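any chance you can model this:
(one chain, ligands or ions: 2)
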Amino acid sequence: MKARNRHELSAEQKEFVRNVVSDPVLFATHILGISLWDREAEILQSIRTNRRTAVKACHGVGKTFTLAVAALWWLARYPEGIVLTTSPTRRQGRTQLWSEIHRAVERARVPYPPLKTTELKFRDDNNFAIGFSTNQAENFQGYHGKYVLIIADEAPGIESGIWDAVAGTMAGGTVHIVMAGNPTVPSGAFFDAFTKERGLWNCFTIDAFDSPNLKGLGLEQQPVLRIGCHAFWPGFQIKRRTHSSKWSGSNASKECAPKPD
Ligand SMILES: Nc1ncnc2c1ncn2[C@@H]1O[C@H](COP(=O)(O)OP(=O)(O)O)[C@@H](O)[C@H]1O
Ligand SMILES: [Mg+2]
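Numbering: from 1, shown residues only. Ligands and ions are numbered 1, 2, ... in the order given. Here you go, the predicted model:
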């Protein structure tokens, strides 16, 4: 039997790497060094399994963070994998989703190639993530027959034109889409995913009080809570929620309100 080179992985190590790369939660834990909370892990497993995943929740529960992990996992999982990200404005894409991608890469336990502001080439030119703003719909075309993950953050604010381009991209190959947002607009593709197109989408509604940051707190406790650099006021949100649109469903009293200005 041929002696194993000391840099070569053993059969067990190779099996471990295969398992880690095929599972976004193991990937987050072992490659990115991240601890996910339950709903973040469930959303990642849904992105892995389902063609369409939609997540609605108030601000600060980890939606964008989870999308950033999904982008990095997809690149690692599929050697020809492509990730297309979009947000309502270029600035939002840069300061939110791509800022989380940059942070995750900086903290990862394996070295990553250098990133551009909203672009990461992983293995080679066929394996990349790139961010577009919502008025660049044409950029969503031309990715048929590949492994494509489309990520739409702050989805209620995304211009309608982009969804036709997205539908075109979804026509062939292995194409999964995930959209996330705060349910502030009772119309559009994001709203439809939770209503008339509900059968097509695997939908998540995250109750703010499920988040580890708020778990166990009653409504009477209205502290200013901080998650990372974000602060929000649950009591204020709950009050506002009762005056805003009701489309977010039965948990309406607890969930999802516009962020305080
Ligand atoms: N599992 C986690 N581990 C560490 N930080 C997290 C985790 N989930 C979320 N965060 C941090 O919490 C903050 C809020 O998350 P974010 O994804 O921006 O929420 P949302 O998109 O729902 O408004 C961010 O600073 C993010 O980095
Ligand atoms: Mg966000």
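
quick one: classify the residue nearest the centre of the chain as helix, strand or coil.
When CA atoms, centre = their mean is applied to the chain, the residue found nearest the centroid is Leu67 (1.8 Å). Following DSSP: H, G, I helix; E, B strand; the rest coil, the label given to Leu67 is helix.

any idea how far it lies from Glu100?
Separation of Leu67 from Glu100 (CB to CB, to the nearest Å) stands at 8 Å. C-beta: built from backbone N, CA, C; applies to glycine.

circling back: and the residue nearest to the centre of the chain, what does it touch?
If you count contacts by CB atoms under 8 Å, 6 or more residues apart in numbering, Leu67 has them with 85, 97, 100, 151, 153, 178, 180.

leaving out chain neighbours, which residue sits closest to the fourth one?
Taking CB to CB, 6 or more residues apart in numbering as the measure, Ile151 lies nearest to Thr85, with 4.4 Å between them; neighbours along the chain are not counted.

okay, buried residues for stretch 24-44 please.
24-25, 27-32, 34, 36-37, 39-44 (16 or more other CB atoms under 10 Å).

still on that earlier bit, quick check: mean pLDDT of the host helix or strand of the residue nearest to Ile151?
Element membership for Thr85, per DSSP states H and E: strand 81-87. On average, the pLDDT along strand 81-87 is 94.

point out the other helices and strands that it packs with.
Here strand 81-87 touches helix 63-77, strand 128-133, strand 147-152, going by 3 or more CB pairs under 8 Å, 6 or more residues apart in numbering; DSSP states H and E.

okay, angle between that strand and strand 147-152 too, please.
10 degrees (axes from the mean of the first three to the mean of the last three CA atoms, to 10 degrees).

contacts only, for Trp73.
Contacts of Trp73 (CB under 8 Å, 6+ apart): 24, 27-28, 44, 48.

I'd say Ser35 and Thr29 touch.
Yes: with contact defined as CB atoms under 8 Å, Ser35 counts as touching Thr29 (7.2 Å).

which residues are in contact with both of those two?
What both Ser35 and Thr29 touch, as defined by CB under 8 Å, 6+ apart, is an empty set.

filter the contacts of Trp73 down to the ones near ligand 1?
Among these, proximity to ligand 1 is found for none (CB under 6 Å from any ligand atom).
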